[in-house]
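Student: This is the structure alone, sequence omitted:
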Ligand SMILES: [Zn+2]
(Lines give C-alpha, C1' and ligand atoms only; values in the text may rest on other atoms or scores of the structure.)
Protein backbone atom coordinates (compact mmCIF):
# COMPACT_ATOMS: atom_id res chain seq x y z
CA UNK A 1 0.00 0.00 0.00
CA UNK A 2 1.45 3.39 -0.93
CA UNK A 3 0.66 6.63 0.87
CA UNK A 4 -3.04 7.46 1.18
CA UNK A 5 -4.48 10.23 -0.94
CA UNK A 6 -6.95 12.74 0.50
CA UNK A 7 -10.00 10.66 -0.42
CA UNK A 8 -8.47 7.57 1.13
CA UNK A 9 -7.63 9.31 4.41
CA UNK A 10 -11.21 10.56 4.63
CA UNK A 11 -12.70 7.15 3.79
CA UNK A 12 -10.38 5.58 6.35
CA UNK A 13 -11.88 7.84 9.00
CA UNK A 14 -15.51 7.43 7.93
CA UNK A 15 -15.26 3.64 7.51
CA UNK A 16 -13.84 3.24 11.03
CA UNK A 17 -16.75 5.28 12.37
CA UNK A 18 -19.19 3.08 10.46
CA UNK A 19 -17.58 -0.18 11.55
CA UNK A 20 -17.12 0.40 15.29
CA UNK A 21 -19.71 1.51 17.84
CA UNK A 22 -16.77 2.82 19.90
CA UNK A 23 -15.93 5.38 17.17
CA UNK A 24 -17.98 8.52 16.53
CA UNK A 25 -17.55 10.57 13.38
CA UNK A 26 -17.05 14.30 14.01
CA UNK A 27 -17.58 16.73 11.16
CA UNK A 28 -15.43 19.84 11.51
CA UNK A 29 -17.41 23.06 10.93
CA UNK A 30 -15.11 24.97 8.58
CA UNK A 31 -14.65 23.89 4.97
CA UNK A 32 -11.23 24.49 3.42
CA UNK A 33 -10.59 27.05 0.68
CA UNK A 34 -11.17 24.35 -1.95
CA UNK A 35 -14.40 23.33 -0.25
CA UNK A 36 -13.36 20.15 1.51
CA UNK A 37 -15.06 19.15 4.75
CA UNK A 38 -12.78 17.58 7.37
CA UNK A 39 -13.55 14.76 9.79
CA UNK A 40 -12.24 13.50 13.08
CA UNK A 41 -12.98 10.45 15.23
CA UNK A 42 -13.82 10.23 18.89
CA UNK A 43 -12.82 6.81 20.22
CA UNK A 44 -14.46 5.94 23.52
CA UNK A 45 -16.48 3.18 25.16
CA UNK A 46 -18.90 5.54 26.93
CA UNK A 47 -19.30 8.47 24.56
CA UNK A 48 -21.80 10.36 26.70
CA UNK A 49 -19.86 10.10 29.96
CA UNK A 50 -17.66 13.11 30.79
CA UNK A 51 -14.06 11.95 30.55
CA UNK A 52 -10.69 13.61 30.03
CA UNK A 53 -9.73 13.81 26.36
CA UNK A 54 -6.53 13.50 24.41
CA UNK A 55 -6.63 15.29 21.04
CA UNK A 56 -4.28 14.05 18.30
CA UNK A 57 -3.98 15.97 15.04
CA UNK A 58 -1.86 15.57 11.90
CA UNK A 59 -1.44 16.56 8.30
CA UNK A 60 -1.23 20.32 8.92
CA UNK A 61 1.96 20.53 6.89
CA UNK A 62 1.10 19.21 3.46
CA UNK A 63 4.41 17.55 2.56
CA UNK A 64 4.71 15.57 5.80
CA UNK A 65 2.70 12.76 4.25
CA UNK A 66 3.02 9.97 6.81
CA UNK A 67 1.34 11.87 9.66
CA UNK A 68 -2.10 10.95 8.31
CA UNK A 69 -1.22 7.26 8.03
CA UNK A 70 0.17 7.31 11.59
CA UNK A 71 -3.12 8.61 12.97
CA UNK A 72 -5.51 6.52 10.85
CA UNK A 73 -3.54 3.40 11.75
CA UNK A 74 -3.46 4.40 15.43
CA UNK A 75 -7.25 4.73 15.46
CA UNK A 76 -7.73 1.45 13.59
CA UNK A 77 -5.37 -0.43 15.91
CA UNK A 78 -7.13 0.75 19.07
CA UNK A 79 -10.58 0.01 17.67
CA UNK A 80 -9.72 -3.46 16.31
CA UNK A 81 -7.85 -4.49 19.46
CA UNK A 82 -10.65 -3.31 21.73
CA UNK A 83 -13.37 -5.00 19.66
CA UNK A 84 -11.39 -8.23 19.49
CA UNK A 85 -10.41 -8.18 23.15
CA UNK A 86 -6.73 -8.39 22.22
CA UNK A 87 -3.61 -6.45 23.04
CA UNK A 88 -1.36 -4.61 20.59
CA UNK A 89 2.13 -5.64 19.47
CA UNK A 90 4.53 -3.27 17.73
CA UNK A 91 7.86 -5.01 17.29
CA UNK A 92 9.42 -5.11 20.75
CA UNK A 93 6.75 -2.92 22.36
CA UNK A 94 3.42 -4.44 23.30
CA UNK A 95 0.31 -3.55 25.24
CA UNK A 96 -2.14 -5.86 26.99
CA UNK A 97 -5.83 -6.10 26.23
CA UNK A 98 -6.43 -4.57 29.69
CA UNK A 99 -4.31 -1.54 28.70
CA UNK A 100 -6.26 -1.12 25.46
CA UNK A 101 -9.49 -1.30 27.44
CA UNK A 102 -8.20 1.31 29.88
CA UNK A 103 -7.48 3.77 27.07
CA UNK A 104 -10.97 3.45 25.59
CA UNK A 105 -12.80 3.37 28.92
CA UNK A 106 -11.00 6.20 30.69
CA UNK A 107 -10.28 8.59 27.83
CA UNK A 108 -11.97 10.27 24.93
CA UNK A 109 -9.34 9.75 22.24
CA UNK A 110 -9.99 12.36 19.55
CA UNK A 111 -8.10 11.76 16.30
CA UNK A 112 -8.02 14.36 13.49
CA UNK A 113 -5.64 12.86 10.89
CA UNK A 114 -5.88 15.41 8.07
CA UNK A 115 -6.06 19.06 9.07
CA UNK A 116 -4.95 20.37 5.64
CA UNK A 117 -6.51 18.30 2.84
CA UNK A 118 -6.05 20.99 0.16
CA UNK A 119 -2.33 21.12 0.87
CA UNK A 120 -1.97 17.34 0.87
CA UNK A 121 -3.70 17.04 -2.49
CA UNK A 122 -1.42 19.71 -3.96
CA UNK A 123 1.69 18.10 -2.46
CA UNK A 124 0.74 14.66 -3.76
CA UNK A 125 -0.21 15.78 -7.28
CA UNK A 126 1.67 18.99 -8.16
CA UNK A 127 4.51 20.07 -5.87
CA UNK A 128 5.77 17.42 -3.46
CA UNK A 129 7.43 19.80 -1.00
CA UNK A 130 4.41 22.09 -0.57
CA UNK A 131 3.93 22.92 3.13
CA UNK A 132 1.05 25.39 3.41
CA UNK A 133 -2.69 25.39 2.73
CA UNK A 134 -3.99 26.64 -0.66
CA UNK A 135 -5.62 29.94 0.30
CA UNK A 136 -4.68 32.51 -2.39
CA UNK A 137 -6.12 35.54 -0.58
CA UNK A 138 -2.76 37.17 0.25
CA UNK A 139 -0.88 36.02 -2.86
CA UNK A 140 -1.52 39.06 -5.07
CA UNK A 141 -1.79 36.66 -8.00
CA UNK A 142 1.69 35.21 -7.44
CA UNK A 143 1.40 31.38 -7.47
CA UNK A 144 4.49 31.12 -5.25
CA UNK A 145 2.76 33.25 -2.61
CA UNK A 146 -0.36 31.09 -2.26
CA UNK A 147 -1.08 29.59 1.13
CA UNK A 148 -0.45 30.05 4.83
CA UNK A 149 1.74 28.00 7.16
CA UNK A 150 -0.99 26.59 9.37
CA UNK A 151 1.40 25.90 12.22
CA UNK A 152 2.23 29.61 12.42
CA UNK A 153 -1.40 30.79 12.29
CA UNK A 154 -2.42 30.03 15.89
CA UNK A 155 -2.86 32.91 18.32
CA UNK A 156 0.37 32.90 20.28
CA UNK A 157 2.94 35.74 20.10
CA UNK A 158 1.64 36.34 16.59
CA UNK A 159 3.12 39.86 16.43
CA UNK A 160 6.61 38.44 16.41
CA UNK A 161 8.31 41.68 15.36
CA UNK A 162 7.19 43.19 18.67
CA UNK A 163 7.52 40.11 20.86
CA UNK A 164 10.95 38.81 19.88
CA UNK A 165 14.49 40.16 19.97
CA UNK A 166 15.44 41.53 16.52
CA UNK A 167 18.21 38.96 16.17
CA UNK A 168 16.23 35.98 17.45
CA UNK A 169 16.15 33.28 14.74
CA UNK A 170 12.40 32.88 15.04
CA UNK A 171 11.15 30.67 12.21
CA UNK A 172 8.21 32.66 10.84
CA UNK A 173 7.50 35.31 8.20
CA UNK A 174 4.92 37.98 7.41
CA UNK A 175 5.78 37.72 3.69
CA UNK A 176 3.37 35.48 1.72
CA UNK A 177 6.17 34.68 -0.75
CA UNK A 178 8.64 33.64 1.97
CA UNK A 179 10.68 30.81 0.37
CA UNK A 180 10.77 28.76 3.60
CA UNK A 181 6.95 28.61 3.43
CA UNK A 182 6.53 29.91 6.98
CA UNK A 183 4.12 32.74 6.15
CA UNK A 184 1.95 33.24 9.23
CA UNK A 185 -1.16 34.68 7.51
CA UNK A 186 -2.66 38.16 7.92
CA UNK A 187 -3.91 37.59 11.47
CA UNK A 188 -4.22 34.81 14.07
CA UNK A 189 -6.74 32.16 13.05
CA UNK A 190 -7.24 33.73 9.63
CA UNK A 191 -7.36 30.17 8.21
CA UNK A 192 -10.20 27.64 8.54
CA UNK A 193 -7.89 24.72 9.33
CA UNK A 194 -6.56 26.02 12.69
CA UNK A 195 -10.07 27.26 13.46
CA UNK A 196 -11.22 23.64 13.10
CA UNK A 197 -8.58 22.56 15.62
CA UNK A 198 -9.67 25.31 18.02
CA UNK A 199 -13.30 24.19 17.61
CA UNK A 200 -12.32 20.63 18.50
CA UNK A 201 -10.68 21.84 21.73
CA UNK A 202 -13.73 23.94 22.58
CA UNK A 203 -16.04 21.01 21.92
CA UNK A 204 -13.96 18.65 24.07
CA UNK A 205 -13.65 21.01 27.00
CA UNK A 206 -12.13 18.26 29.12
CA UNK A 207 -9.10 17.93 26.86
CA UNK A 208 -5.97 17.52 28.99
CA UNK A 209 -3.42 16.41 26.40
CA UNK A 210 -2.71 17.40 22.80
CA UNK A 211 -0.29 16.03 20.23
CA UNK A 212 0.37 17.54 16.77
CA UNK A 213 2.08 15.02 14.47
CA UNK A 214 4.76 16.44 12.13
CA UNK A 215 8.03 15.51 10.44
CA UNK A 216 10.95 15.46 10.60
CA UNK A 217 13.81 15.16 13.14
CA UNK A 218 13.05 12.16 15.41
CA UNK A 219 11.95 14.25 18.38
CA UNK A 220 9.07 14.56 20.80
CA UNK A 221 8.78 18.27 21.56
CA UNK A 222 7.05 19.92 24.50
CA UNK A 223 6.30 23.58 25.29
CA UNK A 224 7.52 26.28 25.15
CA UNK A 225 8.64 27.10 21.63
CA UNK A 226 9.37 30.83 21.98
CA UNK A 227 12.16 30.75 24.56
CA UNK A 228 13.90 28.57 27.13
CA UNK A 229 11.71 27.31 29.99
CA UNK A 230 12.08 28.55 33.56
CA UNK A 231 9.98 27.97 36.67
CA UNK A 232 11.32 30.68 39.01
CA UNK A 233 10.05 34.04 37.70
CA UNK A 234 6.35 34.14 36.74
CA UNK A 235 6.69 37.75 35.52
CA UNK A 236 8.69 36.57 32.53
CA UNK A 237 5.80 35.34 30.44
CA UNK A 238 4.43 35.76 26.94
CA UNK A 239 1.74 38.21 28.10
CA UNK A 240 4.10 40.68 29.72
CA UNK A 241 4.92 43.62 27.38
CA UNK A 242 7.90 44.55 29.59
CA UNK A 243 9.73 41.74 27.85
CA UNK A 244 8.80 42.64 24.30
CA UNK A 245 11.87 42.69 22.10
CA UNK A 246 13.68 40.29 24.42
CA UNK A 247 12.30 36.86 23.53
CA UNK A 248 13.82 34.11 21.44
CA UNK A 249 17.50 34.22 22.43
CA UNK A 250 19.50 31.57 24.27
CA UNK A 251 20.48 34.06 26.94
CA UNK A 252 19.68 32.21 30.14
CA UNK A 253 17.30 34.10 32.39
CA UNK A 254 17.47 37.52 30.70
CA UNK A 255 14.24 36.28 29.20
CA UNK A 256 12.95 32.75 29.59
CA UNK A 257 9.33 31.62 29.38
CA UNK A 258 7.65 30.76 32.69
CA UNK A 259 6.15 27.31 33.06
CA UNK A 260 4.95 25.81 36.34
CA UNK A 261 7.44 23.24 37.52
CA UNK A 262 4.83 20.48 37.73
CA UNK A 263 3.84 21.05 34.11
CA UNK A 264 7.44 21.06 32.96
CA UNK A 265 8.06 17.79 34.82
CA UNK A 266 4.86 16.13 33.57
CA UNK A 267 5.61 17.21 30.00
CA UNK A 268 9.12 15.78 30.15
CA UNK A 269 7.86 12.47 31.55
CA UNK A 270 5.18 12.11 28.86
CA UNK A 271 7.74 12.85 26.15
CA UNK A 272 10.26 10.42 27.66
CA UNK A 273 7.73 7.58 27.91
CA UNK A 274 6.66 8.20 24.31
CA UNK A 275 10.28 7.91 23.17
CA UNK A 276 10.95 4.78 25.25
CA UNK A 277 7.95 2.93 23.83
CA UNK A 278 8.90 4.04 20.32
CA UNK A 279 12.46 2.84 20.78
CA UNK A 280 11.20 -0.56 21.92
CA UNK A 281 9.69 -1.22 18.49
CA UNK A 282 12.97 -1.43 16.53
CA UNK A 283 15.56 0.60 18.42
CA UNK A 284 15.10 4.08 16.93
CA UNK A 285 16.23 6.85 19.26
CA UNK A 286 13.87 9.81 19.44
CA UNK A 287 14.80 12.73 21.68
CA UNK A 288 12.40 14.26 24.20
CA UNK A 289 13.13 17.97 23.96
CA UNK A 290 11.74 21.43 24.62
CA UNK A 291 10.43 22.86 21.34
CA UNK A 292 12.60 25.98 21.61
CA UNK A 293 15.72 23.82 21.39
CA UNK A 294 14.82 23.01 17.77
CA UNK A 295 14.36 26.70 16.86
CA UNK A 296 12.27 29.57 18.28
CA UNK A 297 8.70 29.66 17.03
CA UNK A 298 5.46 31.59 17.38
CA UNK A 299 1.90 30.86 16.34
CA UNK A 300 2.34 27.10 16.70
CA UNK A 301 -0.38 24.74 17.85
CA UNK A 302 1.44 23.40 20.93
CA UNK A 303 2.18 26.79 22.53
CA UNK A 304 -1.31 28.08 21.71
CA UNK A 305 -2.96 24.98 23.19
CA UNK A 306 -0.96 25.05 26.42
CA UNK A 307 -1.42 28.84 26.75
CA UNK A 308 -5.23 28.54 26.60
CA UNK A 309 -5.57 27.89 30.34
CA UNK A 310 -3.38 30.88 31.17
CA UNK A 311 -5.43 33.21 29.00
CA UNK A 312 -8.71 31.88 30.33
CA UNK A 313 -7.46 31.76 33.96
CA UNK A 314 -9.28 28.43 34.23
CA UNK A 315 -6.84 25.97 35.70
CA UNK A 316 -9.18 23.05 34.99
CA UNK A 317 -8.68 23.60 31.26
CA UNK A 318 -4.95 23.03 31.31
CA UNK A 319 -3.73 21.03 28.32
CA UNK A 320 -0.20 19.64 28.10
CA UNK A 321 0.77 20.02 24.44
CA UNK A 322 3.32 18.27 22.25
CA UNK A 323 4.66 18.05 18.72
CA UNK A 324 6.00 14.79 17.31
CA UNK A 325 8.63 15.20 14.59
CA UNK A 326 8.85 11.69 13.13
CA UNK A 327 11.50 10.33 10.78
CA UNK A 328 14.44 11.83 8.92
CA UNK A 329 12.64 12.75 5.69
CA UNK A 330 9.24 14.23 4.78
CA UNK A 331 8.32 11.35 2.45
CA UNK A 332 10.26 8.18 3.24
CA UNK A 333 9.87 5.27 0.84
CA UNK A 334 6.72 3.42 1.85
CA UNK A 335 8.40 0.30 3.34
CA UNK A 336 10.28 2.57 5.75
CA UNK A 337 7.22 4.73 6.42
CA UNK A 338 5.26 1.62 7.43
CA UNK A 339 7.82 0.99 10.16
CA UNK A 340 7.67 4.61 11.31
CA UNK A 341 3.87 4.33 11.53
CA UNK A 342 4.21 1.36 13.88
CA UNK A 343 6.81 2.94 16.13
CA UNK A 344 5.04 6.30 16.45
CA UNK A 345 1.75 4.49 17.15
CA UNK A 346 3.44 2.51 19.92
CA UNK A 347 4.64 5.82 21.35
CA UNK A 348 1.13 7.29 21.16
CA UNK A 349 -0.48 4.31 22.93
CA UNK A 350 2.10 4.66 25.69
CA UNK A 351 1.45 8.42 25.77
CA UNK A 352 -2.23 7.77 26.49
CA UNK A 353 -1.40 5.27 29.24
CA UNK A 354 1.15 7.61 30.82
CA UNK A 355 -1.36 10.46 30.72
CA UNK A 356 -3.82 8.33 32.69
CA UNK A 357 -1.27 7.08 35.22
ZN1 LIG B 1 5.44 20.15 10.19
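Tutor: Cool, the structure landed. Predicted, not measured: the structure shown is a model, and the values here were computed from it.
Student: how close does the nearest residue to residue 149 once chain neighbours are set aside get to the ion?
Tutor: Among residues not flanking residue 149 along the chain, residue 182 sits closest, at 4.8 Å (CB to CB, 6 or more residues apart in numbering). In short, each C-beta sits where N, CA and C put it, glycine included. The gap separating residue 182 from the ion is 10 Å, by CB to the ion, to the nearest Å.
Student: okay, now residue 182: neighbour count?
Tutor: Residue 182 has 20 neighbouring residues, counting by other CB atoms under 10 Å.
Student: show me the contacts for it.
Tutor: 131, 149, 152, 171, 172, 173 (CB atoms under 8 Å, 6 or more residues apart in numbering).
Student: Just want the residue of the stretch 51-200 of the chain that's nearest the ion.
Tutor: residue 61 (3.4 Å; CB to the ion).
Student: Is it correct that that residue is in contact with residue 148?
Tutor: No: using CB atoms under 8 Å, residue 61 is not in contact with residue 148; the gap is 11.5 Å.
Student: before we move on, the earlier item: filter the contacts of residue 182 down to the ones in strands?
Tutor: Counting by DSSP state E, no part of these is found in strands.
Student: and for the helix or strand hosting residue 311, what are the contacting residues?
Tutor: Element membership for residue 311, per DSSP states H and E: helix 301-312. Residues outside helix 301-312 that contact it (CB under 8 Å, 6+ apart): 57, 60, 151, 154-157, 194, 197, 201, 210, 212, 221-226, 237-239, 263, 291, 297, 315-323.
Student: now stretch 86-105
Tutor: Contacts for stretch 86-105 (CB under 8 Å, 6+ apart): 22, 43-46, 77-78, 80-82, 85, 109, 277-278, 280-282, 342-343, 345-346, 349-350, 352-353, 356.
Student: redo that, cut-off 6 Å
Tutor: Outside of stretch 86-105, the residues within contact range by CB atoms under 6 Å, 6 or more residues apart in numbering are 45, 77, 81-82, 85, 277, 280-282, 342, 346, 349, 352-353.
Student: Which one of the residues in the stretch 151-300 of the chain is closest to the ion?
Tutor: residue 214 (3.3 Å).
Student: where do the strands sit along the stretch 251-357 of the chain?
Tutor: 257-258, 287-290, 320-326 (DSSP state E, counting those that start in this stretch).
Student: Hmm, residue 63 and residue 215 touching each other?
Tutor: No: taking contacts as CB atoms under 6 Å, residue 215 lies outside contact range of residue 63: 8.5 Å.
Student: out of these two, which sits in the busier spot?
Tutor: Set residue 215 next to residue 63 and count neighbours by other CB under 10 Å: residue 215 wins out with 25 against 19.
Student: now the strands: where do they sit in the stretch 51-200 of the chain?
Tutor: Going by DSSP E, counting those that start in this stretch, the stretch 51-200 of the chain shows strands at 53-58, 88-90, 93-95, 108-112.
Student: Can you give me the buried ones in stretch 213-231?
Tutor: 213-216, 218-230 (16 or more other CB atoms under 10 Å).
Student: which residues of the stretch 151-300 of the chain fall in helices?
Tutor: Taking DSSP state H, counting those that start in this stretch as the criterion, the stretch 151-300 of the chain carries its helices at 160-163, 192-203, 261-282.
Student: how about these in CSV, adding distance to the ion, mean neighbour count and mean pLDDT?
Tutor: Shown next, in CSV, are the helices of the stretch 151-300 of the chain (distance: least, CB to the ion, whole Å; neighbours: other CB atoms under 10 Å; pLDDT from 0 to 100):
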stretch, distance to the ion, mean neighbour count, mean pLDDT
helix 160-163, 18, 16, 98
helix 192-203, 13, 20, 97
helix 261-282, 17, 19, 98
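Student: nearest to residue 138, of the ones you listed?
Tutor: Nearest to residue 138 among the helices of the stretch 151-300 of the chain is helix 192-203 (14.5 Å), distances taken as CB to CB.
Student: what residues does the closest one touch?
Tutor: 28-30, 32, 38, 57, 115-116, 133, 150, 153-154, 189, 207.
Student: Most neighbours among those residues, which one?
Tutor: The most crowded member of these is residue 116, carrying 35 neighbours; neighbours defined as other CB under 10 Å.
Student: Between which two of the contacts of stretch 86-105 is the distance greatest?
Tutor: 45 and 282 (30.9 Å).
Student: who in the stretch 151-300 of the chain is up against the ion?
Tutor: Residues of the stretch 151-300 of the chain lying near the ion by CB under 5 Å from the ion: residue 214.
Student: if you set the cut-off to 6 Å instead, what comes out?
Tutor: Contacts of the stretch 151-300 of the chain with the ion, taken as CB under 6 Å from the ion, map to 151, 214.
Student: follow-up on the earlier one: name the residues contacting each of residue 215 and residue 63.
Tutor: residue 330.
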